[in-house]
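Q: Quick check, what structure comes out for this input:
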Amino acid sequence: MKPVTLIVSALAAVAAAAPTSASTEKRGIVDLNAFNNFGFANQDLQYLLAINGFNLQAFAQLASFNNLNIGGFQNLFVNNAFDVNALLQLQQIALLSQLGGLGLFGNFDLSTLQLNVFDLGLINGIGGFNIGSLIDQSLIPQIQAIIQQTQINAVILKE
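A: The predicted structure is shown next:
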């Protein structure tokens, strides 16, 4: 036998012997009210949700079934702030939602995943820059119309 065949055979045996679960079990509890039922208090963030269609259901399921610690995102949903830090957090939610929606995380325990650790260092003050100040006020009626026209799905956690 070739050495490559031996290695592949050994890895296949290890993979076959690894414990798996065919069913997903709920591991954690997510209080949707603490997260404003995953609706953004800020109109501009709500607008970004509307035009991008983030899958917040998948995000909530990562917290509930994969032990993803989403506590650091609570302020994003309940505060009325649209700054650089909020955009960075929204990007993390978007990425995790997409990957979770694809089923990439399966039954992995995500409790050790460190989120919100992006350190701006000496320029940390820029994180609080109000991006809303750059938005033309004449666009607000259009932004509100888009938010109202877009169906935003409710997040429901099933056991």
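Q: Give me the number of neighbouring residues for the closest residue in space to Ile70 that isn't next to it in sequence.
A: Take Ile70 and drop its neighbours on the chain: the residue closest to it by Cβ to Cβ, 6 or more residues apart in numbering is Ala63, 4.5 Å away. C-beta coordinates here come from the backbone N, C-alpha and C atoms, glycine included. Neighbour count for Ala63, taken as other Cβ atoms under 10 Å: 22.
Q: so which strand or helix has Ala63?
A: In the assignment (DSSP states H and E), Ala63 maps to helix 56-65.
Q: In the protein, where's the longest helix?
A: Once the chain is assigned using DSSP state H, the helix that runs over the most residues is helix 84-101.
Q: contacting residues around it?
A: 42, 45, 48, 52, 54-56, 58-59, 61-62, 66, 68, 72-73, 76, 105, 115-116, 118, 126-129, 131 (Cβ atoms under 8 Å, 6 or more residues apart in numbering).
Q: elements contacting the helix holding Ala63?
A: For helix 56-65, the packing partners by 3 or more Cβ pairs under 8 Å, 6 or more residues apart in numbering; DSSP states H and E come out as helix 84-101.
Q: next structured bit after the helix it packs on?
A: Next along the chain after helix 84-101, taking DSSP H and E as the criterion, comes helix 140-149.
Q: Could you measure from Leu104 over to Phe73?
A: To Phe73, Leu104 is 19 Å away according to Cβ to Cβ, to the nearest Å.
Q: Tell me which of those two has more neighbours.
A: More crowded of Leu104 and Phe73, by other Cβ under 10 Å: Phe73, with 21 against 10.
Q: Give me the nearest residue to the more buried one, chain neighbours excluded.
A: Distance criterion Cβ to Cβ, 6+ apart; nearest residue to Phe73, sequence neighbours excluded, is Gln89 at 5.9 Å.
Q: what's the residue closest to the geometric middle of the protein?
A: With distances taken as Cα atoms, centre = their mean, Ile93 lies nearest the centre of the chain, 2.6 Å away.
Q: Do you know the pLDDT at that residue?
A: For Ile93, the pLDDT comes out at 94.
Q: ditto for the one 5 residues further on
A: The predicted local confidence for Gln98 comes out at a pLDDT of 94.
Q: same question, Asp109
A: Looking at Asp109, its pLDDT is 91.
Q: That one: neighbour count?
A: A count of nearby residues for Asp109, using other Cβ under 10 Å, gives 12.
Q: correct me, but it touches Asn69?
A: No: judged on Cβ atoms under 8 Å, Asp109 makes no contact with Asn69 at a distance of 11.0 Å.
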